[in-house]
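Asker: sequence plus the predicted model coming up.
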Amino acid sequence: MAQSLGDLGLIDEYRLYLHPVVLGHGTPFFVGPRPRLHLAASERIDEDVIRLTYVPT
């Protein structure tokens with residue numbers, strides 16, 4: 001659903017919460033063509049959590 005909304009240009013911003021943990025192999029967040037994004041803001045939420053806000057370019 002998110003990919004369909006992104007393809008139609010209906011997503012104003014993406015908020016990603018980064019909590020770094022080493023798990024081994026990962027899964028890509030975006031499957032298929034990645035949208036062109038610009039980092040608009042970053043905020044430390046907790047000792048180990050950062051919120052990244054991206055907007056489409």
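Answerer: Ah, there it is. Numbers count the residues shown, from 1 in each chain.

Asker: please make it C-alpha for all contacts and neighbour counts, starting now.
Answerer: Will do.

Asker: three-state assignment of the closest residue to Ile11 other than its chain neighbours?
Answerer: Using CA to CA, 6 or more residues apart in numbering and skipping residues adjacent in sequence, the residue nearest Ile11 is Leu5, 6.3 Å away. Per DSSP: H, G, I helix; E, B strand; the rest coil, the local secondary structure of Leu5 is helix.

Asker: neighbours around Leu5, how many?
Answerer: If you count neighbours by other CA atoms under 10 Å, Leu5 ends up with 10.

Asker: tell me how far it lies from Arg44.
Answerer: For Leu5, the distance to Arg44 equals 28 Å [CA to CA, to the nearest Å].

Asker: and Arg15, by the same measure?
Answerer: Relative to Arg44, Arg15 is positioned 13 Å away (CA to CA).

Asker: find residues that contact each of the two.
Answerer: The contact sets of Arg15 and Arg44 overlap at Arg51 (CA atoms under 8 Å, 6 or more residues apart in numbering).

Asker: quick one: contacts of stretch 37-55?
Answerer: Against stretch 37-55 from outside (CA under 8 Å, 6+ apart): 12-20, 56-57.

Asker: in that stretch, what counts as buried?
Answerer: Going by neighbour count (16 or more other CA atoms under 10 Å), the buried part of stretch 37-55 is 50-55.
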